[in-house]
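Student: I need the structure of the sequence given here:
(one chain, ligands or ions: 2)
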Amino acid sequence: MRGFYIGRFQPYHNGHHRMVEEIAAEVNELVLGIGSAGDSHSPRNPFTAGERIMMVNKAVSDFDITTYAVPIEDLDRNSVWVSHVQSMSPAFEVAYSNNPLVIQLFTEAGVEVHQSPMFNREVLEGTEVRQRMIEDRDWESLVPDEVADVVREIDGIERLQRVTATDGAERVDDDEDPNPC
Ligand SMILES: Nc1ncnc2c1ncn2[C@@H]1O[C@H](COP(=O)(O)OP(=O)(O)OP(=O)(O)O)[C@@H](O)[C@H]1O
Ligand SMILES: NC(=O)c1ccc[n+]([C@@H]2O[C@H](COP(=O)(O)O)[C@@H](O)[C@H]2O)c1
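Tutor: Numbers count the residues shown, from 1 in each chain. Ligands and ions are numbered 1, 2, ... in the order given. Purely as a prediction, here's the structure:
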């Protein structure tokens, strides 16, 4: 049986990895949808689809299943999103997600959806990993070693810190004359 699991994976972390481990007990093939594939170089989506494919492919090589990483760009219309996914992915019988919108859209389209427990969600969350990267705090322990290697290879921390920084320009208050003479 072939399954489908989509995430933004910004970056792929140990919560995703635990979920793939559980999925691997149920299917022998898994499509990993790289969601919001067109987004990169922003605080919420720092890594490109290609970089996320590297992270995911290297990390899941430990598991005894065949995997395919497929980039999926976002659409303005949720109502046709499942068809869009199906048009880009190898065919699959079951979708895995804990995202309420994704669950709703697949269910309405007649696709069986399985949820998983949330693993150590207090820290295993992309937002937390990125915050630690910005603040130079330990993030490596929250991701598979292969992902940490990719982040270092692409100078990902420097990029995230730079795209998160403000431009440092002095703010001029509205009621202050910028050109006093
Ligand atoms: N710790 C976790 N345990 C189980 N599932 C998780 C965990 N973290 C994320 N997921 C699930 O993995 C899928 C992809 O998640 P996503 O890539 O958005 O990660 P995220 O940690 O929620 O990231 P962000 O904080 O950047 O939104 C979603 O279905 C999400 O619910
Ligand atoms: N209309 C759309 O483009 C649409 C709808 C539902 C989910 N998605 C994408 O699917 C992915 C879902 O992953 P998360 O669970 O990580 O949010 C995201 O990249 C999200 O943007 C896109």
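Student: Now for G110, how many residues are close by?
Tutor: By other Cβ atoms under 10 Å, the residues close to G110 number 7. Where C-beta positions appear, they are placed from N, C-alpha and C, glycine not excepted.
Student: residues from this protein in reach of ligand 2?
Tutor: 6-8, 35-36, 74-75, 78, 81, 99, 101-102, 105 (Cβ under 6 Å from any ligand atom).
Student: Buried members of these into PyMOL, please.
Tutor: Remark: buried members of the residues of the chain next to ligand 2, expressed as a PyMOL selection using 16 or more other Cβ atoms under 10 Å:
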select buried, resi 6+7+8+35+36+81+102+105
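Student: Output the residues of the chain next to ligand 2 as TSV; include the columns secondary structure and pLDDT.
Tutor: Below are the residues of the chain next to ligand 2 laid out as TSV (DSSP: H, G, I helix; E, B strand; the rest coil; pLDDT from 0 to 100):
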residue	secondary structure	pLDDT
I6	strand	98
G7	strand	98
R8	coil	98
G35	coil	98
S36	coil	98
D74	coil	98
L75	coil	98
N78	helix	98
W81	helix	98
N99	coil	96
L101	helix	98
V102	helix	98
L105	helix	98
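Student: Return the member of the residues of the chain next to ligand 2 nearest to ligand 2.
Tutor: Set against ligand 2, the nearest of the residues of the chain next to ligand 2 by Cβ to the nearest ligand atom is G35 (2.3 Å).
Student: Cross-check the contact I'm expecting between that closest one and R8.
Tutor: Yes: G35 lies in contact with R8 (Cβ atoms under 8 Å); the separation is 4.8 Å.
Student: Can you mark which positions in the lengthiest helix in the chain are buried?
Tutor: Longest helix in the chain by number of residues (criterion: DSSP state H): helix 49-60. For helix 49-60, the neighbour count (16+ other Cβ under 10 Å) marks A49, E51, R52, I53, M54, M55, V56, N57, K58, A59, V60 as buried.
Student: Then stretch 145-156?
Tutor: The neighbour-count check on stretch 145-156 (16+ other Cβ under 10 Å) flags E146, V147, A148, D149, V150, V151, I154, G156 as buried.
Student: got a pLDDT number for the residue nearest to T66 when sequence neighbours are not counted?
Tutor: Of all residues not flanking T66 in the chain, E29 sits nearest, at 4.6 Å (Cβ to Cβ, 6 or more residues apart in numbering). pLDDT, E29: 98.
Student: what's the answer for V172, then?
Tutor: V172 is given a pLDDT of 54.
Student: With D167 instead?
Tutor: In this model, D167 is scored at 73, pLDDT.
Student: where does the protein dip in pLDDT?
Tutor: 168-181 (pLDDT under 70).
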